[in-house]
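Asker: Sequence plus predicted model, see below.
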Amino acid sequence: MCGIVGYIGNKQAYPILIKGLQRLEYRGGYDSAGIALINDNDNLNLYKSKGKVADLIHFAEKNDVSGTIGIAHTRWATHGEPNQVNAHPHYSQSEELVIIHNGIIENYAVLKKGLQKHGYTFQSETDTEVLVQLIEFVKKSNNISLSEAVQLALNEVVGAYAIAIIEKGNPNCIVAARKGSPLVIGIGENEYFLASDATPIIEHTNKVIYIDDEDIVTIERDKNLIIKTIANVEKTPEIKKLEMTISQLEKNGYPHFMLKEIFEQQDH
Ligand code: GLU
């Protein structure tokens, strides 16, 4: 299954994101993995590879993996074969925006044609790249903020998504949204986590917010979260307490490790 992890705070993002992807690996069935980080010199570094999270680590760690903001993804290909180019994150045309996405954009072909008429070109075969290009197009043509552009762009989208986007030149903000695919925000001390389920978050904090369908969340460093609907109505975040413990998590929900091993062996 595909997975999303994000981090913004005062710690190094890379180890948190990689551990988060590894926590999501229990779900299996992904074909590639990738990560994007903004370092302290405001460089946006993006690494992705076909295969397992271990392959991503092997590739990324030869490079600069510093930075206190980042997003990471494991892909289960629906549009375009599993390869490095189609792996997430995806850049926008200007390479200022980077997106990760779980789900399917059903009307991607129509949107892509429209964007091509405006001079946009595409590197990958994915529906996801169309979405990040659309957000950039809306942002640049209206000269608006990233969260406003995400809100306007998502009004044009038919399909299912959990997305997270970061922007070069804006190392203090992650914008995320969902419809039909799960998305959870974890609230730590001066830090935020985001993930497609709570397993990457539980070891850092038990305070979470489950994002509702068609909501957009703006996560800014050292600020309160802002949640708005795609109709631009602001909502009060509802903080919940996670009841799962780290040891339950490590047993994947089985009451004993022995049972976990017996059941997992039957899967092979
Ligand atoms: N539809 C997207 C793709 O094929 C996202 C797949 C996923 O959910 O991992 O890249």
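Answerer: Alright, I've got the coordinates.

Asker: How about stretch 47-64 and the ligand, any contact?
Answerer: No. Using C-beta under 6 Å from any ligand atom, stretch 47-64 stays clear of the ligand, with a minimum separation of 11.2 Å. Glycine gets a C-beta too; all of them are placed from N, C-alpha and C.

Asker: Just the residues contacting that stretch, thanks.
Answerer: Contacts of stretch 47-64 with the rest of the structure, by C-beta atoms under 8 Å, 6 or more residues apart in numbering, involve 14, 18, 21-22, 25, 31-36, 39, 43, 45, 65, 74, 82-84, 87-89.

Asker: Show me which of those residues are buried.
Answerer: 14, 18, 21-22, 25, 31-36, 39, 45, 65, 74, 87-89 (16 or more other C-beta atoms under 10 Å).

Asker: So which of the residues you listed sit within helices?
Answerer: Among the buried ones among the contacts of stretch 47-64, the members found in helices (DSSP state H) are 14, 18, 21, 22.

Asker: now, among these, which is nearest to residue 161?
Answerer: Lowest distance from residue 161 to these (C-beta to C-beta) belongs to residue 21, with 19.0 Å.

Asker: what's the distance between the closest one and residue 47?
Answerer: Taking C-beta to C-beta, to the nearest Å as the measure, residue 21 falls 12 Å from residue 47.

Asker: which neighbours do the two share?
Answerer: When contacts are counted by C-beta under 8 Å, 6+ apart, residue 21 and residue 47 are jointly contacted by 35, 56.

Asker: What is the neighbour count of the nearest residue to residue 96 once chain neighbours are set aside?
Answerer: Distance criterion C-beta to C-beta, 6 or more residues apart in numbering; nearest residue to residue 96, sequence neighbours excluded, is residue 168 at 4.7 Å. The number of residues packed near residue 168 is 17, by other C-beta atoms under 10 Å.

Asker: Would you mind measuring from residue 168 to the ligand?
Answerer: 22 Å (C-beta to the nearest ligand atom, to the nearest Å).
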